[in-house]
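1. using only what follows, build the 3D model:
(chains A, B and C)
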Amino acid sequence: MKTKQEWEKRAVEPVLKISGERKKKFSTTSNIEVKRLYTPSPINEKYLKKLGFPGAFPFTRGIYPTGYRTRFWTMRQYAGFGDAKSSNQRYRYLLSQGQTGLSVAFDLPTQIGYDSDDSHSEGEVGKVGVAIDSLADIETLFDGIDLEKVSTSMTINSTAAILLAMYIALAKKRGNDLSKISGTIQNDILKEYIARGTYIYPPAPSMRIIRDIFSFCSENVPKFNTISVSGYHIREAGSSAVQEVAFTLADAISYVDAAINSGLDVDKFAPRISFFFGAHNNLLEEVAKFRAARRLWAKIMKERFSPKNPKSMMLRFHTQTCGSTLTAQQPINNIIRVTIQALSAVLGGTQSLHTNSFDEALALPTENSAQVALRTQQIIAYESKVADTLDPLAGSYYIESLTDEIEKKAAEYINRIDEMGGMIRAIENGFPQQEIQNASYEYQKKVESLEEIIVGVNKFKTDEQPPENLLKVDEQIGEIQRKRLKTLRKTRDNNKVKADLAKIKSNAKDDKTNLIPAIIEAVSDYATIGEISNALRDVFGEYQEQVIV
Amino acid sequence: MTCKSRIQLARLIRKIEEGEEFSYYTKEIASHTIGITGSGGVGKSTLTSRLIQYYREKGNRVAVVATDPSSPFSGGALLGDRIRMQQFATDPDVFIKSVASRGKQGGVALCSGAIAAALSEAGYNPIIIETLGIGQDEIDISNIVDTSIVVFSPKTGDQIQAMKAGIMEIGDIFVVNKSDLSSADAMVSQLTKELTESGRKIEIIKTVASTGKGIEQLAQAIERHKLLIFSVSRKKRNAIYQIESILRDRIYSYIKESLQKKKYWDDALRDIVKGCDITDILKRLLSS
Amino acid sequence: MRKLKVIVAKAGLDGHDRGAKVISRALRDAGFEVIYTGLRQSPEQIVSTAIDEGADFIGVSILSGAHMIVAKKIIENLAERGAEDIPVFMGGIIPESDIAKLKKIGIKAVFGPGTPTSETINYLRNYYKKNDM
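-> Residues are numbered from 1 along each chain as shown, chains lettered A, B, ... in the order given. Have a look, this model is predicted:
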């Protein structure tokens, strides 16, 4: 596409025909018309090469031709705590308040493949998310929620195959059409080794499970996003914006490589790859970061994997405001931080957004604080009008220069990783870990020398009363889950479960067999997450942390 | 050993580390001591962890002394080697001690040998001593232990240098770790060539520490070497080395302290900053 | 002078080790010898490590909300093994209302989010001086 007219005709018109735009006409308070897109005039080669049009390569200005003028981003608040019943209530509340997608937080035993009655789980059950042991808990979790109508994002990685299997098993049981259920599993194991820590198995078998998920889903649940390659946790571990882009895209390259090496066609799975970034305080750098990531990914895909489908080159991403920027001191100030961060994500063109609650440096959000967080997004969407035109900051000298610089520096990192033999090798050598830790420690030193100011923490401090009304997870949840498991183990057909687990083990030993069907069978017979994970631990072994300090 | 005496042993070792309990610095070590050396990132700690596992399965009580560098600026240290051995932390028959180099060159801490002596006395056998893994001059290990294992991994760039720098001469066994990498065989033949040229006869063992492959063979090689060299003379040689090291350390500290007391030291530092001739400063220090 | 030795451990299952690693580095840069244990350490592992390493302090970082049970077990374990004289301090996301409870069972200090590393370092140095360890 060389001209705006061509873009209007070929890209915009088809969208308008199908979905239209939110309003017939967009205008400011002074009745100045707001156009869909602002560009230099005339459009030159440099513009086309670097920015192009929304919905067209290199996607710097967004992946959809009409952007938020047709539909706002998905407002998706990450939630979950206690048992399935209390989380189900929170989901129903959020949906009734206008939230448009679900995002499930799991507790750590669920994420690391331990049952609630395992000794490793003591004190952890239901703490940072909902406790799931078997399909029975998933049935409760989604009670009264239509799986065909809601898209569900699950923050789950090393046990992603099992949770996905449970979701599929539930949909099958309810008679849903599998081609209509949609959502996302995080399924990004590499960043677990780098930054988040919920790994189980070594890299090779972990990558094999991911491959199996890719190929199973492309055939059976085509609307499910099979991976959400995450920079969020890398950023939260203390990386810079450049490192966040670089390491996330380097991880993503590894996944694409793995899938292609197993014989999958790039256009079959690449359109189902999604990304997940953090939104930090440096408003304009963050906007540039999102734009740079989009452009760099499009180029990487095009140059390395030559896809035919343009969707394979589109970087679609979810954003969460960065939790580590929240302060325990003067917590109400966090609402303002979250607003600035959320604004950067919207100006950067995010596809979905989670805004943190102001009390999250202290505890899990209460219903009240979670509502304020959701309202923050709604105010940006409906009142600020920043979503009325596409990529509104394009053309700013500062933003474009930052976008170029971030892209360049991230590409340099990726080249270095290539030279090391790829991201898996780099992780084994501790390279990204070391880089992140250096950045994190340097930042901490700047905070302590007052070179960086954090309002309410190292400047503008006040004496304050300890906050009240924090959410406390019921300590009884562990006991409740343990009892439930005991009953489950008595009432299910244990011979079937035994056979299912044996099958999983033998399939695991054969690299050529896809693991997912056997896992779906096992969860349908109410085999637990711990049982399945332990069967795989027996075959795959466990990862040993590469500590770099 | 009961809990109480384990604490006593730990506290004794802590005193040794702080330069007290001097008798241990010259004690003979009855247990078999194994040194593990090699550049950073070759997998020394993972290999050590596998050896612990091997010896535990054989029913031995095993101890490890792992060395990490001290910061030359703050004198502090980050000791992270035991992270790969934490699964043995609660095993009553495994004792893991992390030590910092505290300014000593040569890859092991001044107290490493003395700690091994205390561990030997407490009935641990074998005792594995892991070096820093940062420089190529980590040859002191051979003066402390009975069996020195030099670990290589394919693709570690500094290996040729390592060979030139003398680390080749101290090895009793060579290990090529991460031997699942394609370049492992090239590494083995390169080592074989170097050995042939130098006329030494040393076993080369291929391992994959992360999976445990080759550990059995390594342990057997260690056993063969132990039978070959376990002799009094070696133990005596080690004692002489210990005494020399301590003397060197003490004399250096003594001289430096007295220079500091008389301001010579500060003057010298000031002159260095000023840009005076280093040779002159050194001459002045020596004559004072 | 005797070097101070600190165990820095991540207890429970959570993998957020940014704080633990930052404090480890800061302690090193302040002249301490720090033994970093890595993730997912059980109370028994933490106590055994502290005993064998002859630690002067145990620092535990936890952000998952399992702090009460972890703290209780560490303190019990230390007492069982006759090492109750090793002081334990904690860091992470710990609600104000739990701090008093933790101190009651024997945790010496709790450092919440935003605590400058210098505060922790000074605390440890003063503790050592005061108690003439």
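2. mind listing the helices for chain C?
-> Applying DSSP state H to chain C gives helices spanning C:18-29, C:43-52, C:67-80, C:96-105, C:117-131.
3. let's have the ones you listed in CSV, adding mean neighbour count.
-> Bear in mind the C-beta positions are built from the backbone N, C-alpha and C, glycine included. Listed next are the helices of chain C as CSV, based on neighbours: other C-beta atoms under 10 Å in any protein chain shown:
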stretch, mean neighbour count
helix C:18-29, 23
helix C:43-52, 24
helix C:67-80, 19
helix C:96-105, 14
helix C:117-131, 15
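4. which of those helices sits closest to A:Ala171?
-> A:Ala171 lies closest to helix C:67-80 among the helices of chain C, at 36.5 Å (C-beta to C-beta).
5. tell me the angle the closest one makes with helix C:43-52.
-> Put simply, helix C:67-80 runs at 40 degrees to helix C:43-52, going by axes from the mean of the first three to the mean of the last three C-alpha atoms, to 10 degrees.
6. now helix C:67-80: mean pLDDT?
-> Helix C:67-80 shows a mean pLDDT of 96.
7. that one near chain A at all?
-> Yes - contact of helix C:67-80 with chain A (C-beta under 8 Å from any C-beta of the partner chain) involves C:Met68, C:Ile69, C:Val70.
8. if we can go back for a sec, export the helices of chain C to JSON lines and tack on distance to A:Gln341?
-> Shown next, in JSON lines, are the helices of chain C (distance: least, C-beta to C-beta, whole Å):
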{"stretch": "helix C:18-29", "distance to A:Gln341": "18"}
{"stretch": "helix C:43-52", "distance to A:Gln341": "36"}
{"stretch": "helix C:67-80", "distance to A:Gln341": "28"}
{"stretch": "helix C:96-105", "distance to A:Gln341": "25"}
{"stretch": "helix C:117-131", "distance to A:Gln341": "25"}
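9. could I get those helices as CSV with distance to chain B?
-> Output for the helices of chain C, formatted as CSV (distance: least, C-beta to the nearest C-beta, whole Å):
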stretch, distance to chain B
helix C:18-29, 4
helix C:43-52, 4
helix C:67-80, 8
helix C:96-105, 21
helix C:117-131, 10
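10. tell me which of these approaches A:Pro205 most closely.
-> Closest among these, once you apply C-beta to C-beta, is helix C:43-52, at 25.2 Å.
11. which positions in chain B make contact with chain C?
-> Residues of chain B lying close to chain C (C-beta under 8 Å from any C-beta) are B:3-4, B:6-7, B:10-11, B:13-14, B:17-18, B:70-71, B:73-80, B:82-83, B:86, B:89-90, B:95-98, B:100, B:102.
12. need phi/psi at the residue of chain C found nearest chain B.
-> Across chain C, no residue is closer to chain B than C:Gly54, which sits at 3.1 Å (C-beta to the nearest C-beta). The phi and psi values for C:Gly54, taken as degrees, to the nearest 10, are phi 60, psi 40.
13. not counting sequence-adjacent ones, nearest residue to it?
-> Computed as C-beta to C-beta, 6 or more residues apart in numbering or on different chains, the closest residue to C:Gly54 that is not its neighbour in sequence is B:Arg14, at 3.1 Å.
14. what packs against the helix or strand containing the one you found?
-> Per DSSP states H and E: B:Arg14 is located in helix B:3-17. Using 3 or more C-beta pairs under 8 Å, 6 or more residues apart in numbering or on different chains; DSSP states H and E as the contact test, the elements touching helix B:3-17 are strand B:94-100, helix B:112-121, helix C:43-52.
15. mean pLDDT and distance to A:Leu108 added to those, as CSV?
-> Output for the helices and strands packed on helix B:3-17, formatted as CSV (pLDDT from 0 to 100; distance: least, C-beta to C-beta, whole Å):
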stretch, mean pLDDT, distance to A:Leu108
strand B:94-100, 96, 27
helix B:112-121, 94, 37
helix C:43-52, 96, 16
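16. of all those, which one is nearest chain A?
-> Per C-beta to the nearest C-beta, nearest to chain A of the helices and strands packed on helix B:3-17: helix C:43-52, 9.6 Å.
17. could you check how far the closest residue to A:Ile332 other than its chain neighbours is from C:Tyr36?
-> Leaving out its chain neighbours, the residue that sits closest to A:Ile332 by C-beta to C-beta, 6+ apart is A:Phe358, at 6.0 Å. The gap separating A:Phe358 from C:Tyr36 is 33 Å, by C-beta to C-beta, to the nearest Å.
18. quick one: the residue of chain B found nearest chain C and chain A, what's the gap?
-> Residue nearest to chain C within chain B: B:Arg14 (3.1 Å; C-beta to the nearest C-beta). According to C-beta to the nearest C-beta, to the nearest Å, B:Arg14 stands 22 Å off from chain A.
19. is it true that that residue touches C:Asp56?
-> No - taking contacts as C-beta atoms under 8 Å, B:Arg14 lies outside contact range of C:Asp56: 9.2 Å.
20. shared neighbours of the two, which are they?
-> In terms of C-beta atoms under 8 Å, 6 or more residues apart in numbering or on different chains, B:Arg14 and C:Asp56 are both contacted by the residues C:Lys5.
21. how about C:Thr120, nearest residue that isn't a chain neighbour?
-> C:Phe111 (5.4 Å).
22. what does chain C put close to chain A?
-> C:12-18, C:21-22, C:24-26, C:36, C:38-40, C:64-66, C:68-70, C:93, C:95-97, C:112-114, C:116-118.
23. packing partners for the lowest-mean-pLDDT helix or strand in chain A?
-> Least confident helix or strand of chain A, by mean pLDDT, DSSP states H and E, is strand A:78-79 with a mean of 81. Applying 3+ C-beta pairs under 8 Å, 6+ apart, we find strand A:78-79 packed against helix A:84-96, strand A:101-104.
24. related to what we said a few turns ago, wait, which of the helices of chain C is closest to A:Leu374?
-> That would be, of these and by C-beta to C-beta, helix C:96-105, which comes in at 26.1 Å.
25. other SSEs contacting that closest one?
-> For helix C:96-105, the packing partners by 3+ C-beta pairs under 8 Å, 6+ apart are helix C:67-80, strand C:109-111.
26. at 6 Å what do you get?
-> When contacts are defined as 3 or more C-beta pairs under 6 Å, 6 or more residues apart in numbering or on different chains; DSSP states H and E, helix C:96-105 sits against helix C:67-80.
27. compute the inter-axis angle for the helix it packs on and helix C:96-105.
-> Counting by the same axes, to 10 degrees, helix C:67-80 lies at 10 degrees to helix C:96-105.
28. beta-bridge partners for the residue nearest to C:Thr120, please?
-> Going by DSSP bridges, C:Phe111 is paired in beta bridges with C:Gly91.
29. repeat for C:Lys10
-> Under the criterion used (DSSP bridges), C:Lys10 bridges to C:Ser61.
30. quick one: pLDDT of it?
-> If you check C:Lys10, the pLDDT there is 95.
31. residue contacts, it?
-> Going by C-beta atoms under 6 Å, 6 or more residues apart in numbering or on different chains, C:Lys10 touches C:Asp17, C:Ala20, C:Leu39, C:Ser61.
32. if anything else comes up later, I'll come back, but that's it for now.
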